[in-house]
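Visitor: sequence first, then the predicted structure:
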Amino acid sequence: MTASARLQTASLFAGYGVAGLFWGAFAAAAPALQDRAGLTEAGYGIALGLMALAAFPVMRAFGHSLHRFERYAIPGCLGAFALGSLVMGIAPGLPGLIFALLITGASSGALDISLNNRAARIEADTGARLFNRAHALFPAAMLAASAVTGFLRGAGVPLPVVFGGVAVAFALVAMIEFRAGGHVRPHPDDTAAKGRSRLVGAFAILAAIAAAGAFQEAAALSWVAIFVERVQAAGPVLAGLAPAAFTLGLSLGRFGAHELEARLRPIITVRLAALLALPAFAVIAMGVPVPVTLAACLLAGIGVGPIEPAVFRAVATRAQGPERGRALASVTAVAYLGYLLSPPALGVVADYLGWPVMWLAVSLLAAVVVALTARMPRA
């Protein structure tokens, strides 16, 4: 691997890591953010849906023209994310929360596409296997951030301090990435990229799998801290440990999938993992004691974790040249549909049908993932 490829790989990992810091802090701070905005579960879920909705137009633009500004895409997204993190910490009330969610949603969607495209480029140029390892670093950082945020909230540390620290981390990684991006050179056929990627056949199935996985991931990260703190009457420390357990499972699942890549097709790995997530979410629905809930969160994370890296790697191997960026953008956009629908839909379910029904619905979605993997044709 060349020096420039090593620098790009290190910067890629840093980008995934700092994004994980934000989402871990966000998950653990969910009860405080909900209280500050004065929202019910349904209202908070709708607000979170706006975050994913803001990502769609930005992702469409990125997917169509990423090849034109690839060097500046990741640092630009990181800078926008830093601004969103600052606003998340200091903006009061419902209008402030919505403004912060719009910024972070748009920058997150663009950053996902940019990082996945960079990972695909490095894999194609060097033969390295990066998707599972890079995506595993994301929940590992979430794990640390959610646990630390839970302890900080328990100690009375205000939200501006928490999210301000995350914003500083974003700014530092953006400076590193600006240098790494200087080594990116366009492929000879990049300038010929035209048209749109069509989601048909295998790409449509992969997109549906990614959306289902995103729906389950958003369910745990959006609601498990609130569920543990409010429904199970635990304190903020245990509430912070719940998303931490889930994100630890995400990381373990992705590292495990990385080791299995040489033995199993990624889609088979996804199928086996989904069979773990199904009973795990069902256990949470049963109203078990908090320690069992934490263990179920860990198992659910292991089951959900391998889905998106496997999907993006499959897309990257099936689409080549400039088409790859558009295909990744299209599949990522559909995955964000899962993030978009999960918080408002599950918030309404929790309000009107109860928390057990909500977690049972997430459990049944794992069965949908298993069914979709059976429909996936070989490359």
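Guide: Nice, thanks for sending it over. Numbers count the residues shown, from 1 in each chain.
Visitor: what about the helices in this structure?
Guide: For the chain, the helices defined by DSSP state H occupy 3-28, 30-37, 41-65, 70-90, 93-126, 131-154, 159-180, 202-226, 236-260, 266-285, 290-304, 307-318, 322-352, 355-374.
Visitor: with mean neighbour count and mean pLDDT as extra columns, can I get these in JSON lines?
Guide: Where C-beta positions appear, they are placed from N, C-alpha and C, glycine not excepted. As requested, the helices of the chain are exported to JSON lines (neighbours: other Cβ atoms under 10 Å; pLDDT from 0 to 100):
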{"stretch": "helix 3-28", "mean neighbour count": "22", "mean pLDDT": "82"}
{"stretch": "helix 30-37", "mean neighbour count": "19", "mean pLDDT": "86"}
{"stretch": "helix 41-65", "mean neighbour count": "21", "mean pLDDT": "73"}
{"stretch": "helix 70-90", "mean neighbour count": "22", "mean pLDDT": "86"}
{"stretch": "helix 93-126", "mean neighbour count": "22", "mean pLDDT": "82"}
{"stretch": "helix 131-154", "mean neighbour count": "24", "mean pLDDT": "81"}
{"stretch": "helix 159-180", "mean neighbour count": "19", "mean pLDDT": "88"}
{"stretch": "helix 202-226", "mean neighbour count": "25", "mean pLDDT": "88"}
{"stretch": "helix 236-260", "mean neighbour count": "25", "mean pLDDT": "84"}
{"stretch": "helix 266-285", "mean neighbour count": "22", "mean pLDDT": "90"}
{"stretch": "helix 290-304", "mean neighbour count": "23", "mean pLDDT": "94"}
{"stretch": "helix 307-318", "mean neighbour count": "25", "mean pLDDT": "81"}
{"stretch": "helix 322-352", "mean neighbour count": "23", "mean pLDDT": "80"}
{"stretch": "helix 355-374", "mean neighbour count": "19", "mean pLDDT": "92"}
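Visitor: residues contacting Leu94?
Guide: By Cβ atoms under 8 Å, 6 or more residues apart in numbering, the contact set of Leu94 is 37-39, 47.
Visitor: in the residues you listed, find the pair that's most separated.
Guide: Gly38 and Ala47 (11.0 Å; Cβ to Cβ).
Visitor: show me what contacts the nearest residue to Gly213 once chain neighbours are set aside?
Guide: Nearest residue to Gly213 in three dimensions, chain neighbours excluded: Ile307, at 3.2 Å (Cβ to Cβ, 6 or more residues apart in numbering). The contact partners of Ile307, taken as Cβ under 8 Å, 6+ apart, are 209-210, 212-213, 270, 273-274, 369.
Visitor: Val173 versus Ile307, what's the distance?
Guide: As judged by Cβ to Cβ, to the nearest Å, Ile307 and Val173 stand 25 Å apart.
Visitor: same question, Pro377
Guide: When Pro377 is compared with Val173 (using Cβ to Cβ), they lie 38 Å apart.
Visitor: sounds good, over and out.
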